[in-house]
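A.B. asks: What follows is a predicted protein model with its sequence.
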Amino acid sequence: MIKKLSVFILAFTLLLSCLPMMSVHAANSAIAKLPGNSNPLIDHKLGADPFALVYNGRVYIYMSSDAYVYNSDGTIKDNDFSALNKINVISSADMVNWTDHGAIPVAGYNNANNGTGIAKWASLSWAPSVAHKNINGKDKFFLYFANGASGIGVLTADTPIGPWKDPLGKALVTQSTAGMSGVTWLFDPAVLVDDDGTGYLYAGGGIPNTSDPASIANPKTARVLKLGADMTSIVGSAVTIDAPYMFEDSGIHKYNGKYYYSYCINFSGTHPSNYPAGEIGYMVSNSPMGPFTYKGHFLKNPSTFFGVGGNNHHAVFNFNNQWYVVYHAQTVSKAVLGAGKGYRSPHINKLVHNADGTIQEVQGDMAGVSQIANLNPYNRTEAETIGWNAGITTEVSQAAGGPTNNLDVTNIHNGDWIAVGNADFGSGGAKTFKANVASNVGGKIEIRLDSATGTLVGTLNVSSTGGAQTWKEIETTVSNATGVHKVFLVFTGTGTSNLFNIDYWQFTPNTTGTRVETENMTLGGTYAGKISSPFNGVALYANNDYCAYTQYFASSTHSISVRGSSNNSSTARVDLQIGGTTVGSFYFTGTTPTVQTLSNITHATGNQEVKLIVTTDNGTWDAYVDYLEIN
């Protein structure tokens with residue numbers, strides 16, 4: 001009997017080992033951006049030559065569309081830049097969770113981008129830069145790109161993510177543009193809109209004669225051009241920037257009234273120590289058009305930090321009063337291929353200006369920068385907003401209601417996952433989780449906290465919706481999701497095909513009403529005091545009398561009720577302020593207490609001061625307030 005039982009156990013064990021792994025312990029591993037690190041910014045796709053635009057509380061990163069190029073036998077060959085005919089775009093409000101906005105199909109010559117290319121004259125789109133400017137009361141966006149090394153084009157849009165159009169139907173800057181003669185490589189644009197609204201474009205690169213030490217030391221191939229008020233025309237002639245040992249990669253930023261032109265130092269010949277090959281040097285001027293004076297260098301070649309080199313490309317930007325540099329490195333391709341092969345990915349590290357205006361050496365690393373704001377899980381979150389991931393890709397989505405060029409997460413298999421950092425569920429926590437999904441197969445989404453094997457707070461069962469772009473919103477309950485956590489959506493299912501696609505996800509909070517008695521609040525003002533009739537509460541007698549307390553808000557919309565009365569037949573007015581902003585007013589007529597409600601009040605999230613205050617007292621009434629209730 002014992003022998004038979006042992007055989008049965010062995011057979012059962014072997015059977016289990018042959019079944020698809022449904023446990024989260026089969027969770028796959030991230031490629032290069034490991035949970036807790038912020039670099040590279042993304043690893044589900046590549047992106048080179050990054051440029052940053054800060055707009056409306058988000059930073060947008062625009063990149064050349066590095067993509068693996070294959071030999072005839074299916075192996076990946078060294079990057080030949082033939083795939084760089086699009087611009088990849090990502091954005092973030094917190095520097096860790098990046099939303100993938102897909103690719104802008106810039107180049108349109110000779111049926112590039114399958115006929116969808118916007119600039120029909122351009123065959124390539126290298127090294128983008130983007131600016132925004134308010135023109136006639138409306139924000140406009142301008143994307144400058146290089147058509148290989150032969151010229152600079154411009155696209156325009158009404159939002160940072162498009163849709164984009166070609167306003168000129170030709171290049172903005174070519175070799176025949178005044179002042180551009182002698183530029184070896186007409187590429188790598190950078191743009192600055194100065195405080196007075198004037199735009200300036202920086203571009204150029206190359207060494208006219210790599211056999212001549214004088215040409216190596218002073219290539220004189222960098223240029224600055226003044227843009228017209230429309231940002232799509234050139235004013236006057238380009239001015240030469242005599243950047244020593246110039247190679248490529250123009251950069252520009254303004255700090256404390258000074259203009260900083262930065263660039264990649266070339267690799268040719270023998271250099272003095274202050275011009276290290278392949279590093280980012282910088283010059284400073286009192287004018288956006290120079291003359292510029294060389295000051296030093298601040299970003300070493302990526303090989304120093306990551307063990308794989310190549311060219312160096314960067315942009316300096318300020319976000320929430322902190323300076324950063326975005327640059328590229330071959331970290332994802334190294335992780336995938338074992339060698340970079342010239343395929344690049346975006347990184348960000350902090351940049352510090354010294355008191356004398358010089359720039360400290362930047363320390364590139366995989367840790368990157370800390371998350372600067374918590375994510376609100378009660379807002380709709382695009383699934384392509386990703387802090388970390390394993391196994392997935394993104395694609396253009398047909399789901400309705402999303403952003404311009406909406407994407408979804410796809411290529412989902414058992415053990416794959418996506419995650420976001422520092423989602424703040426608040427003390428009340430979440431009660432449900434929903435996602436917009438499309439599927440021919442189906443599977444499950446395990447909702448876990450802090451890691452792919454962390455606390456399971458809910459499971460969403462995904463059934464077939466009838467198609468990979470046939471979308472359905474489904475929901476499940478969750479429990480024990482309170483406080484601040486990383487959120488991992490771990491995918492499980494059987495088979496080898498794509499399990500399902502995800503468009504967006506969202507939690508809903510526990511909505512039990514919160515009642516706060518006014519006599520327990522903090523009182524302020526000259527005359528505010530507690531009362532016991534007609535109820536236990538507070539009397540607000542004169543302007544600036546108030547009662548207040550601090551409330552944590554996980555979501556930004558609530559209905560708020562107050563019970564109160566006037567001390568006589570006149571109408572008493574009590575204003576409601578949240579976080580210092582007046583969001584509505586309550587009106588109590590007569591001495592009989594009534595409940596007044598302000599519905600769908602929008603306010604800031606997190607810890608906020610909630611204040612009931614009198615601001616319109618005319619000496620004919622007093623306000624009596626019993627309690628405040630939030631729903």
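C.D. replies: Sure, I can see it.

A.B. asks: I'd guessed residue 360 sits against residue 354; true?
C.D. replies: Yes - counting by Cβ atoms under 8 Å, residue 354 is a contact partner of residue 360 at 6.2 Å. (C-beta placed from N, C-alpha, C; glycine too.)

A.B. asks: Tell me which of the two has more neighbours.
C.D. replies: residue 360 (12 against 8; other Cβ atoms under 10 Å).

A.B. asks: any weak-confidence spans in the stretch 451-600 of the chain?
C.D. replies: Where the stretch 451-600 of the chain drops to pLDDT under 70, the residues are 511-512.

A.B. asks: Now for residue 565, how many residues are close by?
C.D. replies: 21.

A.B. asks: Now do the contacts for it.
C.D. replies: Taking Cβ atoms under 8 Å, 6 or more residues apart in numbering, we find residue 565 in contact with 534, 572, 588, 590-594, 624.

A.B. asks: Narrow those residues to those in helices?
C.D. replies: Assignment to helices by DSSP state H places none of these there.

A.B. asks: Just list whatever residues bridge to residue 561.
C.D. replies: Beta-bridge partners recorded for residue 561 (DSSP bridges): residue 597, residue 629.

A.B. asks: Could you measure from it over to residue 573?
C.D. replies: 16 Å (Cβ to Cβ, to the nearest Å).

A.B. asks: same question, residue 395
C.D. replies: Counting by Cβ to Cβ, the gap from residue 395 to residue 573 is 54 Å.

A.B. asks: Also residue 408?
C.D. replies: From residue 408 to residue 573 the distance is 49 Å (Cβ to Cβ).

A.B. asks: out of those two, which sits in the busier spot?
C.D. replies: Using other Cβ under 10 Å as the criterion, residue 408 and residue 573 rank with residue 408 on top: 26 against 18.

A.B. asks: which non-adjacent residue is nearest residue 301?
C.D. replies: Once flanking residues are discounted, residue 301 sits nearest to residue 278: 3.8 Å by Cβ to Cβ, 6 or more residues apart in numbering.

A.B. asks: any idea what that neighbour is structurally, helix, strand or coil?
C.D. replies: coil (DSSP: H, G, I helix; E, B strand; the rest coil).

A.B. asks: Can you report how many residues lie near it?
C.D. replies: 19.

A.B. asks: can you check residue 522 too?
C.D. replies: Neighbours around residue 522, by other Cβ under 10 Å: 12.

A.B. asks: dump the residue contacts of the nearest residue to it once chain neighbours are set aside.
C.D. replies: Residue nearest to residue 522 in three dimensions, not counting chain neighbours: residue 548, with 5.2 Å by Cβ to Cβ, 6+ apart. Contact analysis of residue 548 by Cβ under 8 Å, 6+ apart lists 521-522, 524, 609-613.

A.B. asks: Going by neighbour count, which of those comes out on top?
C.D. replies: residue 612 (24 neighbours).

A.B. asks: what lines up beside the helix or strand containing it in the sheet?
C.D. replies: Assigned by DSSP states H and E, residue 612 belongs to strand 606-613. Using DSSP bridges, the strands paired with strand 606-613 in its sheet are strand 546-553 (antiparallel), strand 571-578 (antiparallel).

A.B. asks: so how far is the last one off the chain centroid?
C.D. replies: Averaging C-alpha positions (Cα atoms, centre = their mean, to the nearest Å) puts strand 571-578 38 Å from its chain's average.

A.B. asks: Run through the protein and note the low-pLDDT ranges.
C.D. replies: Ranges of the chain meeting pLDDT under 70: 1-26, 511-512.

A.B. asks: Any idea how many residues pack against residue 597?
C.D. replies: 13.

A.B. asks: quick one: the helices in the protein?
C.D. replies: 2-18, 213-217, 302-306, 331-337.

A.B. asks: so how far is stretch 118-133 off the chain centroid?
C.D. replies: With Cα atoms, centre = their mean, you get 21 Å for stretch 118-133.

A.B. asks: Counting neighbours, which bits of that stretch end up buried?
C.D. replies: 118-119, 121-133 (16 or more other Cβ atoms under 10 Å).

A.B. asks: mind checking the end-to-end distance for that stretch?
C.D. replies: This stretch, stretch 118-133, spans 21 Å end to end (Cα to Cα, to the nearest Å).

A.B. asks: same thing with stretch 278-294?
C.D. replies: 16 Å.

A.B. asks: List the buried residues in that stretch.
C.D. replies: Of the residues in stretch 278-294, 278-285, 288-290, 292, 294 count as buried by neighbour count, 16+ other Cβ under 10 Å.

A.B. asks: Dump these to TSV, plus distance to residue 580.
C.D. replies: Conversion of those to TSV gives the following (distance: Cβ to Cβ, whole Å):
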residue	distance to residue 580
278	50
279	46
280	42
281	45
282	40
283	43
284	40
285	41
288	38
289	43
290	45
292	44
294	47
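
A.B. asks: Please consider this matter closed, and thank you.
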